[in-house]
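Chemist: I would like the atomic coordinates for the input below:
(4 chains)
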Protein chains: 2
Amino acid sequence: MTTEDFTARARIRDAAIKLFTERGMEKTSILDIAEAAGVSGGLIRHHFGSKDGLREACDTYVFDELLKFKEEVLAKGVANPGFLPTFDARQLLFRRYMGRAMLDGSAAAEAQFTEIVDGTERYFREQGMDMPDPRGVAAALAAMTGGLMILQDHIARALGEEPGTHEAMLRMSMAAGHLFMNPLANAEVLEKAREALAAYERKE
Amino acid sequence: MTTEDFTARARIRDAAIKLFTERGMEKTSILDIAEAAGVSGGLIRHHFGSKDGLREACDTYVFDELLKFKEEVLAKGVANPGFLPTFDARQLLFRRYMGRAMLDGSAAAEAQFTEIVDGTERYFREQGMDMPDPRGVAAALAAMTGGLMILQDHIARALGEEPGTHEAMLRMSMAAGHLFMNPLANAEVLEKAREALAAYERKE
DNA sequence: TAGTCGACTACACGCACGTATAGGACCGCT
DNA sequence: AGCGGTCCTATACGTGCGTGTAGTCGACTA
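Modeler: Residues are numbered from 1 along each chain as shown, chains lettered A, B, ... in the order given. Sure thing, here's the model as predicted:
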């Protein structure tokens, strides 16, 4: 966290990121953002040209911030492949934003996804991890962690926890960690999955 | 697949599910759906009352269809816990629809998520699988598979495959299968994750 | 033939929202 | 003082879209 930025432009951007994340792009009007940022609607146009311009600015900002954080972590020597639990509220928000942005089809979000996959694949190879399709696994992993981010409120609700709370995040992270560190399927289930796949192959 | 339903009502519902899934609820107008279904906009209102009514109808329909499929699978004696690969196009569409619906915050989608978590947790217990927080793991698993569904186009793109094709789905499924059946982290990474978590715990 | 009912269309209303414009307040410069 | 530029507000415009209404057509009933 550098020095706080209290300019109207920054306030608008932050409010937009928050509201876009919570409600989605379409359900958030410029006036909503203006109100949340304590400015007039016109000022948003002045600074960002249009709603789409604001969205692009948010995309690249979030993208850059996440990249910065990643480099920071790497500089510390922690070989973080992207799936370790992170609790920083700001970063959680940004990851969620990216999740939504991917659904709305933003260029920056697509680039971000590819970037994550690239990095994870590289990590797999550097660690000398043995798997049949490293890039495929990296992509699946990125989507899964994306699902955790995007659906975190639903997870909390299903667990009877208050969404966004410390407890909910902790429990989710521990559960995800468990999944990543323990094989889920036993031999029997594995065999059934193989059969199902083979049946499909035969049919088409 | 039972006998096809070619009534205007069914055509509207199917078109709505398709467009809602592809573009999202907000970006799809009633007129778009009407055109896709080959009817007038007014007829949608006649049958479903409002756009929200149409959305609810879609929700419950998709919900029911997925439930039917699940029962079908269970009747066949396949102990499918919900994370085995499924390639049926219709079902894939429905799962994706649910993923989007969860983000838009629909009551039916929330119920569906909880239902999946319930079923998965029950499965864990029936199989006697040993884990510290079965419900937490079930919820995380549901969110992860949800992420795979929702972000499947991005996965395909990152893999250089055409979205929605046989190859893309197969590769994604195999990769996901690999993740579920093999521990991802080695002892070193595991230790680092623990440290990160402990550091967070100390701070807050 | 007359009457009713559901399926369906055409069309107009009203509102919300993105966009555009004009102008005021404040600041730095000469 | 005068001037230009930037930040910011207030307000008006256009339009896309959900909604409401009126009305047509065909099937069924008596």
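Chemist: which residues touch stretch A:25-36?
Modeler: A:12, A:15-16, A:18-20, A:40-41, A:43-45, A:51, A:54-55, A:100, A:104, B:24, B:26-27 (CB atoms under 8 Å, 6 or more residues apart in numbering or on different chains). All C-beta spots, glycine's among them, are computed from the backbone N, C-alpha and C.
Chemist: buried stuff in it?
Modeler: Residues of stretch A:25-36 classed as buried by neighbour count (16 or more other CB atoms under 10 Å in any protein chain shown): A:M25, A:T28, A:I30, A:I33, A:A34, A:A36.
Chemist: OK, now which residue of chain A is nearest to chain B?
Modeler: Here the residue of chain A nearest chain B is A:G147; by CB to the nearest CB that distance is 1.9 Å.
Chemist: okay, the angle between whichever strand or helix holds that residue and helix B:134-150?
Modeler: Assigned by DSSP states H and E, A:G147 belongs to helix A:134-150. Counting by axes from the mean of the first three to the mean of the last three CA atoms, to 10 degrees, helix A:134-150 lies at 120 degrees to helix B:134-150.
Chemist: ok so, going back, around the closest residue to the residue of chain A closest to chain B other than its chain neighbours, how many other residues sit close by?
Modeler: Among residues not flanking A:G147 along the chain, B:G147 sits closest, at 1.9 Å (CB to CB, 6 or more residues apart in numbering or on different chains). Using other CB atoms under 10 Å in any protein chain shown, B:G147 has 26 neighbouring residues.
Chemist: Kindly report the same for A:D153.
Modeler: There are 18 residues near A:D153, going by other CB under 10 Å.
Chemist: I'd like the distance between the residue nearest to it when sequence neighbours are not counted and DNA strand D.
Modeler: Using CB to CB, 6+ apart and skipping the chain neighbours, the partner closest in space to A:D153 is A:P163 (4.2 Å). Per CB to the nearest atom of the strand, to the nearest Å, A:P163 is found 28 Å from DNA strand D.
Chemist: any idea of the mean pLDDT in stretch A:146-155?
Modeler: Across stretch A:146-155, the average pLDDT comes to 92.
Chemist: Quick one: end-to-end length of it, please.
Modeler: 13 Å (CA to CA, to the nearest Å).
Chemist: residues of that stretch that come out buried?
Modeler: A:G146, A:G147, A:L148, A:M149, A:I150, A:L151, A:Q152, A:D153, A:H154, A:I155.
Chemist: List the contacts of the closest residue to A:L159 other than its chain neighbours.
Modeler: Nearest residue to A:L159, sequence neighbours excluded (CB to CB, 6+ apart): B:A139, at 5.6 Å. With CB under 8 Å, 6+ apart as the criterion, the residues that contact B:A139 are A:H154, A:I155, A:A158, A:L159, A:M172, A:A175, B:V117.
Chemist: okay, now the fifth one: neighbour count?
Modeler: Put plainly, it is A:M172. 25.
Chemist: Does A:D104 touch B:G24 like I think?
Modeler: Yes. When contacts are counted by CB atoms under 8 Å, A:D104 is listed as touching B:G24 (7.1 Å).
Chemist: now the longest helix anywhere in chain A: mean pLDDT?
Modeler: Taking DSSP state H as the criterion, chain A has its longest helix at helix A:51-75. For helix A:51-75, mean pLDDT is 87.
Chemist: And stretch A:93-112, by the same measure?
Modeler: 87.
Chemist: Touching both of A:D104 and B:G24, which residues are there?
Modeler: A:G24.
Chemist: sorry, back to before: export the buried residues of stretch A:146-155 as a markdown table, with columns for distance to DNA strand D.
Modeler: Putting the buried residues of stretch A:146-155 into a markdown table (distance: CB to the nearest atom of the strand, whole Å) gives the following:
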| residue | distance to DNA strand D |
| --- | --- |
| A:G146 | 28 |
| A:G147 | 28 |
| A:L148 | 31 |
| A:M149 | 28 |
| A:I150 | 24 |
| A:L151 | 25 |
| A:Q152 | 29 |
| A:D153 | 25 |
| A:H154 | 25 |
| A:I155 | 30 |
